[in-house]
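**Q** Pasted the sequence and its predicted model underneath.
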Amino acid sequence: MPTETRASAACRALSVGPALGRGAGAGRIHSVFRSVVNIDVEGMGFLAALTGREGSILPQAIALDESPDFRLWDLEPGMPCALTGTILRLGGERGRAVGLLAAVFLAKRAMPHIAAAGKGWAASVESLDRLQHGKGCELRISSLRGSRMQGHRDTGAAGALGERLADSLRALGAAAARFPCGAPDPAVVAGLRKTVAGVIGLGQGLTPSGDDFLCGFIAALACAAPAHDALLGAMGEAIGKGIFATNDISATQLCCAMGGFFPTPLVDLAGAIGGDDAAGAMSALERVCAYGHSSGADLATGFLYGIGLLMGRPGLRVRKPTRGRQSLIGTGREHASQVPLREPRG
């Protein structure tokens, strides 16, 4: 079994995410991007991610204490890799090596209980709406709410794909609101499964907006009362059956969420909202939304929408999709599987 030596450890890891634990095994390089190398380790069930320091927020990340351009590491998809408790080796014995002896193996952080959607939640929703409006995100939290955001025109989702997203997510919210606290009727479970299938893989990017939203919504369920455990279980079953509709990278995020592993800033946001700390919530939201171009904002949308829905926040209404758009749900979608899994060099 390879161990870290001065010669082999070309760089050292800062941290290892809680979803990885002390997992080990042989595998292959799945995909290479500027800021991440995705690694498929046998028996893990999802992709590990080698990232720069900024990726330490991800539960499945091995984060370096630097931010290199991984495209310059002469790595290719399909190359062998091996993960042990002391080293990650990429590209065989003569390839790159990352030492893990000095890394912090991060512990899993449970999502805190949130009893009510108070001023921290309200401030976060308004801040997120302004951010999404400014960035022109395809998914807007204002399009999912029943009332206009204070001080902003409710422009809704951006473009046709954004409208499809909003319709599908409102359908998901309606299905979740109808879900009973006790043993659900099979027809209700089937309806939920259908709406979840209409969301998985919907949107553009390596982690489509629909998948990011689902991760945030699952986090909201994790913060809710045990009465919603049946809904959380049904969501997990539905995602498990429909996860083939998205790509491996996005499926990893969904698997982590269903395992109760969430990005660090999202756990902080939940804690601030639970403590009704508006300033803390705003700070945490900013860090959530800094992840990716829109992935963090989409994640926050699912979480804040879910909290408002589950806590019965006044002014948040669950609306049914418009008749003219119902046929778009689950059809003609842009799946993440159509996105190339490796950026071109240069």
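**A** Here it is on my side, so go on.
**Q** can I assume A107 is in contact with G17?
**A** No: taking Cβ atoms under 8 Å as the contact criterion, A107 and G17 are not neighbours in contact, 10.3 Å apart. Bear in mind the C-beta positions are built from the backbone N, C-alpha and C, glycine included.
**Q** Looking at these two, which has the bigger crowd around it?
**A** Under the neighbour definition other Cβ atoms under 10 Å, A107 and G17 were set side by side, and G17 has more, 25 against 8.
**Q** close enough to count as contact, the more buried one and T51?
**A** No: G17 is not in contact with T51 according to Cβ under 8 Å; the separation is 9.4 Å.
**Q** Quick check: neighbours shared by those two?
**A** When contacts are counted by Cβ atoms under 8 Å, 6 or more residues apart in numbering, G17 and T51 are jointly contacted by L58, A61, I62, A63.
**Q** show me where pLDDT drops low in this structure?
**A** Counting by pLDDT under 70, the ranges of the chain that qualify are 1-9, 145-161, 182, 312-346.
**Q** Do a quick rundown of the strands in it.
**A** Secondary structure of the chain, counting by DSSP state E: strands at 11-16, 25-32, 36-41, 47-51, 61-64, 80-83, 87-90, 96-99, 104-105.
**Q** most packed of these?
**A** Ranked by mean neighbour count, the strands of the chain are led by strand 47-51 with a mean of 26 (mean count of other Cβ atoms under 10 Å).
**Q** From the chain's centroid, how far away is that one?
**A** If you compare the mean C-alpha spot of strand 47-51 with that of the full chain, they lie 14 Å apart, counting by Cα atoms, centre = their mean, to the nearest Å.
**Q** just stretch 138-147 next, same as before
**A** For stretch 138-147, the distance from its own C-alpha centre to the chain's C-alpha centre is 19 Å (Cα atoms, centre = their mean).
**Q** Pull it out as CSV, backbone CA atoms only.
**A** What follows is stretch 138-147 as a C-alpha-only set of coordinates in CSV (Å, rounded to 0.1, in the frame of the first residue of the first chain):
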residue,chain,number,x,y,z
GLU,A,138,-32.4,31.2,-14.9
LEU,A,139,-34.0,30.3,-11.6
ARG,A,140,-35.4,33.0,-9.4
ILE,A,141,-36.8,32.6,-5.9
SER,A,142,-39.3,35.4,-6.7
SER,A,143,-40.9,33.2,-9.4
LEU,A,144,-41.7,30.6,-6.8
ARG,A,145,-43.3,32.9,-4.3
GLY,A,146,-46.9,34.0,-4.2
SER,A,147,-46.1,37.7,-3.6
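**Q** which parts of it are buried?
**A** For stretch 138-147, the buried set under the neighbour-count rule, 16 or more other Cβ atoms under 10 Å, comprises E138, L139, R140, I141, S142, S143, L144, R145.
**Q** Going along the chain, name the helices of this protein.
**A** Ranges of helices within the chain are 119-135, 159-178, 186-197, 209-223, 229-242, 248-258, 264-274, 278-289, 295-310, based on DSSP state H.
**Q** For burial, what's the neighbour tally of R94?
**A** For R94, the neighbour count with other Cβ under 10 Å is 7.
**Q** for G95, same thing?
**A** Using other Cβ under 10 Å, G95 is surrounded by 18 other residues.
**Q** just to revisit the earlier point, right, and the helices of the chain - which one's nearest V37?
**A** Counting by Cβ to Cβ, V37 lies closest to helix 248-258 out of the helices of the chain; the figure is 11.5 Å.
**Q** just how off-centre is that closest one within its chain?
**A** Averaging C-alpha coordinates over helix 248-258 and over its chain gives two centres that are 7 Å apart (Cα atoms, centre = their mean).
**Q** one step back: which of the buried residues of stretch 138-147 sits closest to S295?
**A** Within the buried residues of stretch 138-147, distances to S295 taken as Cβ to Cβ reach their minimum at L139, with 10.5 Å.
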